[in-house]
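Participant: Next input, structure requested:
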Amino acid sequence: MRVRLFAALAALVLLCVPAAASAAPTLAPRVIGGSAVSIEQSPWQVLIVMRGVSQCSGSLVSPTVVVTAAHCLAGITATDLRVWSGISKTSERTSAQESPVANAVAHPSFDARTFANDIGVITLAKPIDLLGKVRTIALPFGMDALVWPANGTPATVSGWGVTVPSGGATSDQLMRADLLVLAGPGQPCGQYGPDLDPVQDICAGTPAGNIDACQGDSGGPLVTQGVVPILTGLVSSGNQCAKAGYPGLYSRITTFLPWLSAQGSIPTTKPSAATNLAARNDGGRVTVTWSAPPDPGTSSTIWKVAAVPSGQSCVTTGTSCEFDGLPGGQAATFSVSGSNAFGEGAPTALTAPFVAGLTARKAGTTLTFAAITRLAGLTGKPTIKVAPIAKNTCVVRGAKVVMMQAGTCVIQLKKGKARHSLSVQVL
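Facilitator: As a prediction, this is how the structure comes out:
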């Protein structure tokens with residue numbers, strides 16, 4: 001009989017409790033041995049409330065996939081759940097930070113009696129915006145499950161749960177504690193003896209038992225630090241809270257990677273390079289486009305585009321970026337790189353320099369001085385001259401510039417000390 005029995009053994013802890021209806025308790029709030037942190041220090045963490053009564057935590061592994069404990073989802077449907085991201089305090093929940101839930105699935109082999117297979121997935125109805133203070137966390141793909149994480153590995157646990165072993169109200173403020181993995185894969189831990197399943201459980205805390213997760217922290221992240229933060233385990237169960245000889249038990253993520261991979265589009269490594277990069281003049285701006293690689297979880301990729309030599313940059317989760325005000329007539333190269341919870345992929349540069357400016361569809365196109373001045377971001381009536389790259393590409397006629405033939409024309413503007421140039425291309 002495993003020690004994760006809750007109903008039969010009063011000493012055991014189900015780490016999911018009624019949600020706090022008020023602010024923090026009067027005792028100094030701490031995840032038993034930890035301290036207050038902001039969500040920026042655990043940006044993947046979400047608050048989960050079930051049926052408006054009980055609370056758990058979860059971790060974003062993609063913009064639409066939250067990993068949590070199965071016991072948080074047992075007997076629960078999507079309509080029973082509410083999920084908030086980007087909050088440090090439960091009292092600061094707003095509708096803008098709430099994500100609608102499309103589906104909730106507990107592991108099909110979850111055993112509520114023994115807590116075996118204590119892992120589940122919540123699928124959100126729409127992607128969470130990763131350009132703010134919310135981020136995803138990496139899963140331990142590529143780690144050797146036979147040796148990782150080793151005994152003594154530093155780790156952190158965080159949540160809004162009960163802050164003292166004796167129970168009481170859950171915390172309004174997000175709390176985080178530093179602890180240690182106290183047994184490697186296949187090793188015994190504390191006084192659990194044969195009741196601990198080393199294939200499914202990570203045993204973590206301190207030998208003295210003064211640091212632990214507690215009720216209300218269920219499903220929250222046990223994180224270890226590699227090249228990037230890694231979701232190593234999920235708060236599951238234990239014999240009371242912070243009890244010497246009985247560290248916390250966490251669902252071992254490496255055991256469930258195949259099942260998790262089947263639940264949604266989840267990144268497995270840092271992004272591959274983008275392909276099919278192109279730039280085009282688009283009115284008074286330059287639009288850079290590319291194709292995302294066919295990696296798992298590409299929706300988790302944040303793309304950064306840098307313009308050289310101007311130094312301008314653009315960040316997006318899509319596959320296009322717009323640049324305003326690039327120096328007209330100056331050749332620019334655009335570098336595109338993707339990043340996700342696993343790190344930053346190799347940058348890809350355009351193979352040929354691109355001249356920023358306007359695109360005219362045919363010879364004979366005319367641009368008024370007023371339109372040119374507006375596109376250059378100037379006011380009043382500047383002096384305008386043209387410098388065709390090839391002879392007879394463009395000429396000034398009255399208060400207009402006329403594009404005579406295919407090629408590039410650099411229009412130079414001067415007003416007082418202000419200088420600007422704008423290129424026009426005839427295709």
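Participant: how near is Asp212 to Cys394?
Facilitator: 74 Å (C-beta to C-beta, to the nearest Å). In short, each C-beta sits where N, CA and C put it, glycine included.
Participant: Tell me which residues are up against stretch 201-211.
Facilitator: Outside stretch 201-211, the residues within contact range by C-beta atoms under 8 Å, 6 or more residues apart in numbering are 32-34, 149, 155, 157, 177-183, 189-190, 192, 196, 212, 222, 232-233, 236, 242-252.
Participant: buried sites along the longest helix seen in the chain?
Facilitator: Determined from DSSP state H, the single longest helix within the chain is helix 369-375. Neighbour-count burial for helix 369-375 flags Phe369, Ile372, Thr373, Leu375 (criterion: 16 or more other C-beta atoms under 10 Å).
Participant: ok so, going back, could you tell me which of the contacts of stretch 201-211 count as buried?
Facilitator: Here, 16+ other C-beta under 10 Å leaves 32-34, 149, 155, 157, 177, 179-183, 189-190, 192, 196, 212, 222, 232-233, 236, 242-243, 246-252 buried among those.
Participant: Rounded mean pLDDT for stretch 165-182, please.
Facilitator: For stretch 165-182, the mean per-residue pLDDT is 90.
Participant: Can you measure across it, start residue to end residue?
Facilitator: 20 Å (C-alpha to C-alpha, to the nearest Å).
Participant: ditto for stretch 299-317
Facilitator: 7 Å.
Participant: For the spatially most central residue of the chain, which residues are in contact?
Facilitator: Centroid-nearest residue in the chain, with C-alpha atoms, centre = their mean: Arg135, separated by 2.3 Å. Contact analysis of Arg135 by C-beta under 8 Å, 6+ apart lists Pro43, Trp44, Leu60, Ala341.
Participant: mind running it again at 10 Å?
Facilitator: Neighbouring residues of Arg135 by C-beta atoms under 10 Å, 6 or more residues apart in numbering: 39-40, 42-45, 60, 85-86, 128, 229, 300, 302, 340-341.
Participant: Now it: which helix or strand?
Facilitator: Take DSSP states H and E as the rule and Arg135 turns out to sit in neither a helix nor a strand.
Participant: Name the SS class of Leu257, please.
Facilitator: helix (DSSP: H, G, I helix; E, B strand; the rest coil).
Participant: didn't it look like it was pressed against Ser251?
Facilitator: No: the pair Leu257 / Ser251 is not scored as a contact, 11.9 Å apart, by C-beta atoms under 10 Å.
Participant: quick one on the thing from earlier: could you work out the most separated pair of the buried residues of helix 369-375?
Facilitator: The most widely separated members of the buried residues of helix 369-375, counting by C-beta to C-beta, are Phe369 and Leu375 (10.8 Å).
Participant: Need the overlap of contacts for these two.
Facilitator: What both Phe369 and Leu375 touch, as defined by C-beta under 10 Å, 6+ apart, is the set Ile411, Leu413.
Participant: domains of the chain?
Facilitator: 12-261, 275-355, 357-426 (automatic domain parsing).
Participant: Would you reformat these as a markdown table and include distance to Thr268?
Facilitator: Below are these laid out as a markdown table (distance: least, C-beta to C-beta, whole Å):
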| stretch | distance to Thr268 |
| --- | --- |
| domain 12-261 | 5 |
| domain 275-355 | 5 |
| domain 357-426 | 40 |
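Participant: Pro267: which of those is closest?
Facilitator: domain 275-355 (3.4 Å).
Participant: Average pLDDT for that closest one, rounded please.
Facilitator: Averaging pLDDT along domain 275-355 gives 89.
Participant: Please apply the same query to stretch 249-257.
Facilitator: 98.
Participant: And it, end to end?
Facilitator: Terminal-residue distance, stretch 249-257 (C-alpha to C-alpha): 18 Å.
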